[in-house]
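[1] no sequence on this one, just coordinates:
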């Protein structure tokens, strides 16, 4: 047993096997010492295994930047607006706990990354709330949509960048894709996987590329981020066809069942390379409208073998079922046959849609007999639509109508590029 | 409106826009005609859009191969056993419905793919049931494990191949990884995405490569299948670290958070290339034992923003929660704060484990404040373990003990390579 030096200190720890150096963190487990290594990873070491612990450097006092600096403006550059709602990109390391905490002033972000000011003037910064993306829900998405609409309809602003948490950033991008009607300018969501105060942060490239996209001619809701683990270029990805696919890599987001819209390099003079040809073009004269209602009485359920269909007892207005590859669920041969319960729920007015848990590809109920049995219950198979996008679209649709025929019609209509028509999904269903 | 020719017929259909030729299928929707194109895709055409429909060829009568042929045996080859439990690989197209149906005789498979007999003698074929993998659950996995054990302990057999449905094949591979103790020989699961009677079927390469792995020195539970959409080579992937990642591509399965164990070419003379160095080696003298008990009172829940923690009202013995990237769930700032309910459930004896819905990477509750709050409730974060593998492992563990400390110890122990120690998961928790 050893006594602990102060969290935030840089310490050297000797165990029987090795010697480790790093920043000491507050540990939630009293039997374990937590160390943040220079690689950025945290490791836990059992106290009983520690032979020696030596303080190399005591913790530094952190100075907060308190004042909001006047936003600079260069005549030759276009103006963009920034909405800051949390996430690692808006945070810095707290050296005592090893956890990250919010920047207290969004201008700090621009201080860390001044390059963005060579591409565009940030003339507005909005910071309605700071919250982890997994804790957001409809009320937050609605607020972001309203602020975005206002900024887009400001003739002095060329585009909007939203920085938020990565974990459920694709829910925010899907929500904005349906909430913002008659889009006129680029709406860019971006993130980082390392807090902005870290030299190795991926925020730099993501912010530079986001600014380039925000002043471009692509009028879509997009997520912009690293294309690979290298800091060379980003992709702009459709807000309805993107998903976080890695817990911590800088290229965590991948376009699903479609190509990226564009490739963007950090060099401000190197033009964006367009990869898709079906994007909407900027039209500064258009006015963005909102279609912002949402029915929150919905659920997203991932199917697993042996599952009881108990959730059907809850009175949801709609359910997205993440079925097997081609969109199957338990039928007669399974331990629990779902078909009678699905039929009953659909008859009583619940809308039930099916997506695929393989993520890539599209559901197709026609190929196999269990799929056909399932299709007969009245479930709606959603082609290549992502489960997360489907969840947002279903809540949005059920706020407009509860007529099952109309709901089906809207769910199968390609409203915000949530279907890739090249996958041929538009025929079946 | 047109009248329909007999399903199974080859027809030519003219609409205002185009002319299409294909096999007419039975349609579940009376307003739509279904056609299987030569590409293998089905398309639906609304009857009202059809100008003309012409029968090119009437349906052929299908001859079933009824007799079981004597299994051939070549002196110079090793003997392997085949377990057939369903899936596309064990099916052929029914030309009247366009759906696929089971082969009535497993020998048909070998007739379609005689090459496998140049690599090994198939001296035993077991066919305990034919069922889609999404309809399987513990009782099926148990049966497969028992048959596999018996075959592995037969000194005349070098290895076992199991052909099954793709959709939940990774559940079968995970179950066998925990159920079979003291493994002595290769256990190979394989599949196809196109039925075996189709010239374009991926069954050929998968079966040839599986046979090569079944006679190899790798004594692991593995899934063998296409490495890419080309028919050039397969990967052998660890049964606990593999997942179906595409609905229909031949390379649907991907190793997750680890490398493939081996690369296998179709050429029977080209040796397997080993990519991993931590695999178990064949030991024909070892006897396989079973550890086959399973607690089915468990659930797998995917978290989404705005979710109510209602499922905690059900009295599950254990739950796998597929959380955000780093393994977060709703905390105080969310619409529904899960923390008090999680604490209560854990206090009452429910084991709650957390995995990541990004699939790639590993959960880490220490980085952010919501993760720390969550860790304090007593949930168990499962590093880089796949949700599907975690589900199987939890059911298996809870059949051995209900002591929360012991359950945690087993869940965090690397029993069947379900953790990749290189990702550093073994310290934290």
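    Thanks, I have the structure now. If you're wondering where the values come from, they're calculated on a predicted model, not measured in any experiment.
[2] How about the residue of the stretch 301-429 of chain A found nearest chain B, nearest residue that isn't a chain neighbour?
    As assessed by C-beta to the nearest C-beta, chain B sits closest to residue A:361 within the stretch 301-429 of chain A, at 2.9 Å. (Each C-beta comes from the backbone N, C-alpha and C, glycine too.) Nearest non-adjacent residue to residue A:361, counting by C-beta to C-beta, 6 or more residues apart in numbering or on different chains: residue B:247, 2.9 Å away.
[3] isn't that neighbour right up against residue A:359?
    No: with contacts counted by C-beta atoms under 8 Å, residue B:247 stays clear of residue A:359, the gap being 9.0 Å.
[4] Neighbour count for those two, which is higher?
    residue B:247 (26 against 22; other C-beta atoms under 10 Å in any protein chain shown).
[5] pLDDT at that one, what is it?
    pLDDT for residue B:247: 92.
[6] wait, what's in contact with it?
    By C-beta atoms under 8 Å, 6 or more residues apart in numbering or on different chains, the contact set of residue B:247 is A:325-327, A:356, A:358, A:360-364.
[7] Per-residue pLDDT of the nearest residue to residue A:265 once chain neighbours are set aside, please?
    Nearest non-adjacent residue to residue A:265, counting by C-beta to C-beta, 6+ apart: residue A:233, 4.8 Å away. Residue A:233 is assigned 94 on the pLDDT scale.
[8] ok, back up a step: okay if I get the contacts of residue B:247 as JSON lines plus pLDDT and secondary structure?
    Conversion of those to JSON lines gives the following (pLDDT from 0 to 100; DSSP: H, G, I helix; E, B strand; the rest coil):
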{"residue": "A:325", "pLDDT": "84", "secondary structure": "coil"}
{"residue": "A:326", "pLDDT": "85", "secondary structure": "coil"}
{"residue": "A:327", "pLDDT": "90", "secondary structure": "coil"}
{"residue": "A:356", "pLDDT": "96", "secondary structure": "strand"}
{"residue": "A:358", "pLDDT": "95", "secondary structure": "coil"}
{"residue": "A:360", "pLDDT": "93", "secondary structure": "strand"}
{"residue": "A:361", "pLDDT": "93", "secondary structure": "coil"}
{"residue": "A:362", "pLDDT": "92", "secondary structure": "coil"}
{"residue": "A:363", "pLDDT": "92", "secondary structure": "coil"}
{"residue": "A:364", "pLDDT": "85", "secondary structure": "coil"}
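[9] got those residues as a markdown table, with neighbour count columns?
    As requested, the contacts of residue B:247 are exported to a markdown table (neighbours: other C-beta atoms under 10 Å in any protein chain shown):
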| residue | neighbour count |
| --- | --- |
| A:325 | 27 |
| A:326 | 25 |
| A:327 | 32 |
| A:356 | 30 |
| A:358 | 26 |
| A:360 | 21 |
| A:361 | 22 |
| A:362 | 25 |
| A:363 | 28 |
| A:364 | 26 |
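[10] Let me see the backbone angles for the residue nearest to residue A:265.
    Backbone torsions of residue A:233, given as degrees, to the nearest 10, read phi -150, psi 160.
[11] That one: neighbouring residues, count only.
    A count of nearby residues for residue A:233, using other C-beta under 10 Å, gives 19.
[12] That one and chain B, how far apart?
    21 Å (C-beta to the nearest C-beta, to the nearest Å).
[13] isn't that residue right up against residue A:260?
    No: contact criterion C-beta under 8 Å: residue A:233 and residue A:260 do not qualify, at 10.3 Å.
[14] who touches both of the two?
    If you check residue A:233 and residue A:260 against C-beta under 8 Å, 6+ apart, the residues they both contact are residue A:227.
[15] next structured bit after the worst-scoring helix or strand of chain A on mean pLDDT?
    Here the helix or strand of chain A ranked lowest by mean pLDDT, DSSP states H and E is strand A:100-102, holding a mean of 72. Downstream of strand A:100-102, the first helix or strand assigned by DSSP states H and E is helix A:107-112.
[16] what's that next one in contact with?
    For helix A:107-112, the external contacting residues (C-beta under 8 Å, 6+ apart) are A:65, A:68-69, A:71, A:82, A:84, A:89-90, A:92, A:103, A:116-117, A:122, A:125, A:163, A:196-197, A:201, A:203-204, A:207.
[17] Need the pLDDT of residue A:109.
    Looking at residue A:109, its pLDDT is 78.
[18] Now do the domain split for chain A, please.
    Under the assignment automatic domain parsing, the domains of chain A span A:10-57, A:78-290, A:298-423.
[19] Kindly present those domains as JSON lines, with separate columns for distance to residue B:34.
    What follows is the domains of chain A, written out as JSON lines (distance: least, C-beta to C-beta, whole Å):
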{"stretch": "domain A:10-57", "distance to residue B:34": "53"}
{"stretch": "domain A:78-290", "distance to residue B:34": "23"}
{"stretch": "domain A:298-423", "distance to residue B:34": "7"}
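[20] Lowest mean pLDDT across those, which one is that?
    Taking the mean pLDDT of the domains of chain A, domain A:10-57 comes last: a mean of 82.
[21] quick check: longest helix of chain A.
    helix A:138-152 (DSSP state H).
[22] buried set for it?
    A:138, A:140-145, A:147-152 (16 or more other C-beta atoms under 10 Å in any protein chain shown).
[23] so who does residue A:311 touch?
    Counted by C-beta under 8 Å, 6+ apart, residue A:311 has contacts A:299, A:301, A:319, B:311.
[24] Could you work out the most separated pair of those?
    The span of the contacts of residue A:311, defined through C-beta to C-beta, is set by A:319 and B:311 at 13.5 Å.
[25] Quick one: name the residues of the stretch 51-200 of chain A near chain B.
    A:88, A:98-101, A:131-139, A:166-168, A:171 (C-beta under 8 Å from any C-beta of the partner chain).
[26] give me that answer again for 10 Å
    Counting by C-beta under 10 Å from any C-beta of the partner chain, the stretch 51-200 of chain A comes close to chain B at A:86, A:88, A:91, A:93-94, A:97-102, A:129-141, A:165-169, A:171-172, A:175, A:193, A:195.
[27] Drop anything exposed from these.
    For those, a burial check counting by 16+ other C-beta under 10 Å picks out A:86, A:88, A:91, A:93-94, A:97-102, A:130-138, A:140-141, A:165-169, A:171-172, A:175, A:193, A:195.
[28] Quick one: residues contacting the closest residue to chain B within the stretch 1-150 of chain A.
    With C-beta to the nearest C-beta, the shortest gap between the stretch 1-150 of chain A and chain B falls at residue A:137, namely 3.4 Å. Listed by C-beta atoms under 10 Å, 6 or more residues apart in numbering or on different chains, the contact partners of residue A:137 are A:168, A:171, A:175, A:294, A:296, A:395, B:304-307, B:330, B:334-336.
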